[in-house]
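[1] curious how this folds, go ahead:
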Amino acid sequence: MHIIETVAEMQAFSREARKASKSIALVPTMGYLHEGHASLMREGRTRADILVASIFVNPTQFGPTEDFDAYPRDLERDTDVAAAAGVDMVFAPTAREMYPQGFQTYVNVEELTLPLCGASRPGHFRGVTTVVAKLFNIVMPHVALFGKKDFQQLAVIRRMVTDLNMDIDIVGMPIIRESDGLAMSSRNAYLTPEERKDALCLSAALRAARMLLGGGERSVAVLKEEVLRIIGEVPEAQIAYADFRDGDTLEAVETADGRTLLALAVKIGKTRLIDNCILGEEN
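    Have a look, this model is predicted:
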């Protein structure tokens, strides 16, 4: 496995690969890799001749009061995880390399970015779509893989790819959870042992909503009441949102079915965690 740090070298590598009729899979990450990332990489290994993972903590998707400086970073450990998952090339640029002096062009998906994380993190998705569009232009992948834990992000990227006629297959991969149900996240490293236990209220709320739906309950008001009750039992939990949305359009719904998305963003202590499920699916 090799590490590339410059845009020019990455583009040159990808151009040569494409000239040789090699297919390229990309797994974009912000590093501090865990089993969720590794699962994307292993799947990417099966879908293309060459597997590239990007490791870049993207400053443009963090707000001024968010955790950009504190976001966990460990490139040596990350490269070990990537190599074990079958990655051929790691693209690990600096912020200056990705956003050189005078940078002023951004990509913005409009309606899909308004609710959920878009409402509570203004500008976040503009940063996400801009950096992903840049990565697509730099790495030139045929396929790119993203986790469904960031469900809205996946929907926004799919919309961008469709709207801008990008010839890239976008693959959404299942959420990977710890044995107790907590969704794997790089930000889990922030949690104290007590907060780690408290964080289980998110997956517990998802399970409860699924059980109610399975028992015949269709009222979003009733489902939401139970979700809020479960999370509310944790004194330190601060809910940013607990919303039921159409699983395709992200529009608000009043009646739930198997395609309804339940999306959560909850702060446990100082750590903002997200989780979600499609109510009629297992993961």
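[2] what's the end-to-end length of stretch 144-154?
    Criterion C-alpha to C-alpha, to the nearest Å; first-to-last residue distance in stretch 144-154 is 11 Å.
[3] tell me the mean pLDDT for that stretch?
    Averaging pLDDT along stretch 144-154 yields 98.
[4] so what's the gap between that stretch and the chain middle?
    A distance of 4 Å separates the centroid of the chain from that of stretch 144-154, by C-alpha atoms, centre = their mean, to the nearest Å.
[5] so what does the lowest-mean-pLDDT helix or strand in the chain touch, helix or strand wise?
    Within the chain, confidence by mean pLDDT, DSSP states H and E is lowest for helix 117-120 among all helices and strands, at a mean of 95. Judged by 3 or more C-beta pairs under 8 Å, 6 or more residues apart in numbering; DSSP states H and E, the packing partners of helix 117-120 are helix 124-139, helix 151-163, strand 237-246. (C-beta placed from N, C-alpha, C; glycine too.)
[6] as CSV, those with mean neighbour count would be great.
    Converted to CSV, those look like this (neighbours: other C-beta atoms under 10 Å):
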stretch, mean neighbour count
helix 124-139, 22
helix 151-163, 20
strand 237-246, 18
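[7] for Ala82, see how far away Phe91 is.
    11 Å (C-beta to C-beta, to the nearest Å).
[8] and for the two, which residues touch both?
    Contact with both Phe91 and Ala82 is made by residues 53, 55, according to C-beta atoms under 8 Å, 6 or more residues apart in numbering.
[9] and the least confident helix or strand of the chain, what's buried?
    117-118 (16 or more other C-beta atoms under 10 Å).
[10] then stretch 41-61?
    41-45, 47-48, 50-58, 60-61.
[11] what's the answer for stretch 249-265, then?
    Buried-residue list, stretch 249-265, by 16+ other C-beta under 10 Å: 250, 253, 256, 260-265.
[12] tally up the residues packed near Asp80, please.
    By other C-beta atoms under 10 Å, the residues close to Asp80 number 13.
[13] ok, and for the strand or helix carrying it, which residues are buried?
    Asp80 is located in helix 75-84, with elements delineated by DSSP states H and E. For helix 75-84, the neighbour count (16+ other C-beta under 10 Å) marks 78-79, 81-82 as buried.
[14] and the residues you listed, which two are furthest apart?
    Thr79 and Val81 (7.4 Å; C-beta to C-beta).
[15] any idea how many residues pack against Ala20?
    Neighbours around Ala20, by other C-beta under 10 Å: 9.
[16] let me fix that: Thr65
    Going by other C-beta under 10 Å, the residues that sit close to Thr65 add up to 6.
[17] how near is it to Asp49?
    Taking C-beta to C-beta, one finds Thr65 at 43 Å from Asp49.
[18] got it, and Glu254?
    47 Å.
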